[in-house]
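In: next come a sequence and a model predicted from it.
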Amino acid sequence: MPNEKIDLSVNLAGMTMKNPVVVASGTFGFGREYGQFYDLGQLGGICAKGLTLNPRQGNPAPRIAETPMGILNSVGLQNPGVDAFIAHELPFLRNFDVKVIANISGNTPEEYGIMCEKLAGAGVDMIEVNISCPNVKAGGLAYGTRPELAAEVTQMAKSHAGKVPVMVKLSPNVTDITLIAKAVADAGADAVSLINTLRGMRIDVNTHRPILKMNTGGLSGPAVLPVAVRMVWEVAQAVDLPILGMGGVSKGEDAAQMMLAGASAVAVGTALFADPYAPIRVRDELAALAAGQGLERAAELIGGVKPW
């Protein structure tokens with residue numbers, strides 16, 4: 001259990017979580033498998049697997065490739081569709097005392113609007129708008145790399161989400177991530193999450209073929225942590241929005257770095273594949289670190305970096 005002396009609760013765009021550790025979309029499914037290891041109520045929040053308007057089969061295999069200190073994936077948003085999530089997965093997640101963050105991807109701004117309306121009506125706690133998934137041939141990448149398109153999707157999501165907060169997930173595959181952050185902030189986003197995966201490639205030197213059938217994929221894992229921390233820091237200075245920091249977090253110290261850079265909460269993703277208990281461990285290590293520094297609340301770390 002976490003250090004009892006430390007108040008781990010944080011606020012993310014008006015949503016109060018019992019602790020700042022969330023599981024990242026696409027690494028936790030809809031929680032059923034990990035729920036066999038521990039009570040999902042021990043988590044601050046769950047970013048559910050990315051949803052699309054209609055069911056998707058995803059990309060052809062191989063779609064995972066290991067790399068030094070990370071993995072590449074080109075899964076391609078395999079999912080049952082938003083209606084199936086609302087009918088079958090959301091009721092399961094509602095059995096637990098945990099915030100449910102639905103993650104959505106659309107091919108058109110209109111699709112984002114329809115999904116937001118459905119999910120807001122179903123009562124999710126927050127909607128994470130994926131404008132940055134680099135694996136999908138249609139849509140995704142373009143929105144996250146152009147400020148005006150990112151703003152358009154944000155406006156569409158906000159106008160259909162009712163009172164449910166909208167968090168926009170930013171792509172790191174851009175020259176200046178703060179330009180996109182400012183665009184979605186001006187368009188009404190309630191929060192931003194970052195980073196999504198970095199585009200990468202691995203080639204089999206014997207066959208001369210890429211390992212992934214899609215040729216390239218998204219890089220995640222400890223290899224991307226320093227990039228993620230730097231981008232969270234830049235975005236925190238550029239916009240006055242709460243940040244969910246992610247990218248290579250696997251230890252309490254990593255989570256503390258993210259929070260010091262400006263993140264109000266952190267997501268654990270790839271680390272789950274090696275250790276299903278990773279988010280619980282990150283929570284407890286973060287509590288111990290905060291206690292060791294004489295803090296009463298983990299939230300005191302937020303934005304506390306002292307640049308030279």
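Out: Yes, it's here. Numbers count the residues shown, from 1 in each chain.

In: how about residue 35, nearest residue that isn't a chain neighbour?
Out: Spatial nearest neighbour of residue 35, chain neighbours left out: residue 96 (7.7 Å); criterion: Cβ to Cβ, 6 or more residues apart in numbering. Using the backbone N, CA and C atoms, a C-beta is placed for each residue, glycine as well.

In: so that neighbour, which state does it fall into?
Out: coil (DSSP: H, G, I helix; E, B strand; the rest coil).

In: tell me the SS of residue 206?
Out: Under three-state DSSP, residue 206 falls in the coil class.

In: could I get the pLDDT score of the nearest residue to residue 81 once chain neighbours are set aside?
Out: Leaving aside its sequence neighbours, residue 81 sits nearest to residue 55 (Cβ to Cβ, 6+ apart; 4.0 Å). Looking at residue 55, its pLDDT reads 97.

In: do the same with residue 141
Out: pLDDT for residue 141: 55.

In: now swap in residue 298 and tell me
Out: The model reports residue 298 with a pLDDT of 98.

In: next, count neighbours for it.
Out: 27 (other Cβ atoms under 10 Å).

In: that one: what's it in contact with?
Out: Listed by Cβ atoms under 8 Å, 6 or more residues apart in numbering, the contact set of residue 298 reads 6-10, 19-20, 259, 286-287, 290.

In: in PyMOL, select just the buried ones from those.
Out: Of those, the buried ones go into a single PyMOL selection, burial set by 16 or more other Cβ atoms under 10 Å:
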select buried, resi 6+7+8+10+19+20+259+286+287+290
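
In: which one of the contacts of residue 298 sits closest to residue 253?
Out: Nearest to residue 253 out of those is residue 286 (Cβ to Cβ; 8.3 Å).

In: contacts only, for that closest one.
Out: By Cβ under 8 Å, 6+ apart, the contact list for residue 286 reads 8, 20-21, 252, 255-256, 298.

In: repeat for residue 260
Out: Per Cβ under 8 Å, 6+ apart, neighbours of residue 260: 301-305.

In: if we use 10 Å, what do you get?
Out: Applying Cβ atoms under 10 Å, 6 or more residues apart in numbering to residue 260 gives the contacts 229, 232-233, 236, 245, 301-306.

In: quick check: closest non-adjacent residue to it.
Out: Closest residue to residue 260 apart from its sequence neighbours, by Cβ to Cβ, 6+ apart: residue 305 at 4.4 Å.

In: make sure the one you found is indeed in a helix.
Out: No: counting by three-state DSSP, residue 305 is not part of a helix but coil.

In: circling back: make a ChimeraX selection of the buried ones in the contacts of residue 260.
Out: Of the contacts of residue 260, the buried ones go into a single ChimeraX selection, burial set by 16+ other Cβ under 10 Å:
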select :229,232,233,236,245,301,302,303
